[in-house]
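Q: Model the structure of this input:
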Amino acid sequence: MQVLPYGGTFDPDAAQAAQHAGQEKWVALVPTPAGMMALVQRGEALDALRFAPDVLPGESVLQTPLLREGAAQLAAYFEGKLRRFELPLAPLGTPFQTLIWHTLAATVPYGQTVSYGELARRAGKPAASRAVGMANHHNPLPIFIPCHRVIGANGALVGYGGGLPLKERLLRLEQAI
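A: Next up, the predicted model:
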């Protein structure tokens, strides 16, 4: 587990262990100004944030203390009152994806943006800017792992799982554009 300089903890190993142990997943449906979202917990960490209020097979709707805290922090973020999430995150991904997600969460604070190429350099993979884009595309914890802060080399808003209007809204909220 790694403590992030911009809040919370990041533990992809816990995600792997939880998946292999078959740990149950719990879901809270969370109203936000951007619409209903599904916040997912597996084990003792957040596993996913989905922009649609979907409950998938094998998941149970349940209000755990962690899901309540995650929903409260998400609400405070959207109100402009929270700049650092203090939550345990355990995203499930490949070693490369988790490297990119950790680098993003650890090096791009609230209100700042970074290009795909710069994020690749920060991760020690300077020739992998396209792969960085794909890793961001597969980020299971958007907003918490702030892939909306990654922009094109020319400053253009490109690609976001929640759509470009939401990306622009999040960046405006953070006063980054």
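
Q: How about stretch 153-169, which residues are buried there?
A: 157, 159-162, 166-167, 169 (16 or more other Cβ atoms under 10 Å). The way it works is simple: take the backbone N, C-alpha and C, and place the C-beta from them, glycine included.

Q: any chance of the residues you listed in a markdown table, with pLDDT, secondary structure and distance to V114 too?
A: Listed next are the buried residues of stretch 153-169 as a markdown table, based on pLDDT from 0 to 100; DSSP: H, G, I helix; E, B strand; the rest coil; distance: Cβ to Cβ, whole Å:
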| residue | pLDDT | secondary structure | distance to V114 |
| --- | --- | --- | --- |
| L157 | 90 | coil | 13 |
| G159 | 84 | coil | 14 |
| Y160 | 87 | coil | 14 |
| G161 | 84 | coil | 17 |
| G162 | 87 | coil | 18 |
| L166 | 93 | helix | 18 |
| K167 | 93 | helix | 14 |
| R169 | 93 | helix | 19 |
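
Q: Show me the two of those residues that sit farthest apart.
A: Farthest pair in those (Cβ to Cβ) is G159 and R169. Separation: 15.2 Å.

Q: G133: which element?
A: helix 129-137 (DSSP states H and E).

Q: Remind me what the next helix-or-strand element following that helix packs against, helices and strands.
A: Sequence-wise, the next helix or strand downstream of helix 129-137 (DSSP H and E) is strand 150-151. Other elements packing on strand 150-151 under the criterion 3 or more Cβ pairs under 8 Å, 6 or more residues apart in numbering; DSSP states H and E are strand 114-115, helix 116-122, helix 129-137.
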